[in-house]
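Undergrad: Build the 3D model from these lines:
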Amino acid sequence: MYRYFSRIKEHFLQILILDGSPHKASLAFAIGVFIAFAPHLGLHTVSAVALSWLLRLNLPIMLIGAFLNNPWTIIPLYGFCLCVGNYMLGNGFICLPAGLSGDELLDFLKTTPLPFVAGTLTTGSLASVMSYFISKRVLALVHPATDKRT
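TA: Numbering: from 1, shown residues only. Got it, this is the predicted structure:
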């Protein structure tokens with residue numbers, strides 16, 4: 001049974017590190033995380049595909065990062081970003097009203113564009129930098145043969 005899981009783990013890691021570089025894999029994940037926090041609703045997949053092609057990075061890894069923002073996480077994620085944006089702009093911790101549906105969330109965010117954009121870009125930048133270093137360390141630990149210090 002252990003050999004079975006070991007093979008699955010190795011196969012999964014080969015998919016994730018196609019170019020053999022934890023740096024490039026971590027960079028793809030970090031950019032995907034930034035895309036997940038980005039305020040351009042509905043364009044996350046398109047952005048990930050375009051940036052993956054443009055920067056020649058691993059698309060599956062970038063999509064994993066970009067899909068941190070999904071129908072189950074969009075309200076808490078963007079609610080937190082809105083709180084951060086309002087706090088940064090001196091409005092206090094004004095967050096989302098309770099019980100919003102997806103359409104109500106979009107309508108509410110249209111009324112608060114500046115705090116929303118400020119919060120998503122700031123939070124996304126911090127999350128992407130942290131995710132780069134964490135994922136690079138994890139990839140180097142679980143697959144040390146690919147660690148080329150690049």
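Undergrad: burial count for residue 42?
TA: Residue 42 has 7 neighbours, counted by other CB atoms under 10 Å. For the C-beta atoms, the positions are set from N, CA and C on the backbone; glycine is no exception.
Undergrad: and stretch 114-132, how far out from the chain's middle?
TA: 10 Å (CA atoms, centre = their mean, to the nearest Å).
Undergrad: Next: stretch 88-105.
TA: From the chain centre to the centre of stretch 88-105 is a distance of 21 Å (CA atoms, centre = their mean).
Undergrad: Show the average pLDDT along it.
TA: Regarding stretch 88-105, the rounded mean pLDDT is 78.
Undergrad: Name the residues of that stretch that are buried.
TA: Across stretch 88-105, burial judged by 16 or more other CB atoms under 10 Å covers 96, 105.
Undergrad: Contacts made by it with the rest, please.
TA: 71, 74-75, 78-80, 82-83, 86-87, 108, 114-115, 118-119, 122 (CB atoms under 8 Å, 6 or more residues apart in numbering).
Undergrad: Go through the residues you listed and flag which are in strands.
TA: Secondary structure from DSSP state E places none of those in strands.
Undergrad: Now intersect the residues you listed with the helices, please.
TA: 74-75, 78-80, 82-83, 86-87, 108, 114-115, 118-119, 122 (DSSP state H).
Undergrad: Buried subset of those, written for PyMOL?
TA: This is the PyMOL syntax for the buried subset of those, where burial follows 16+ other CB under 10 Å:
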select buried, resi 75+78+79+80+82+83+86+87+108+115+118+119+122
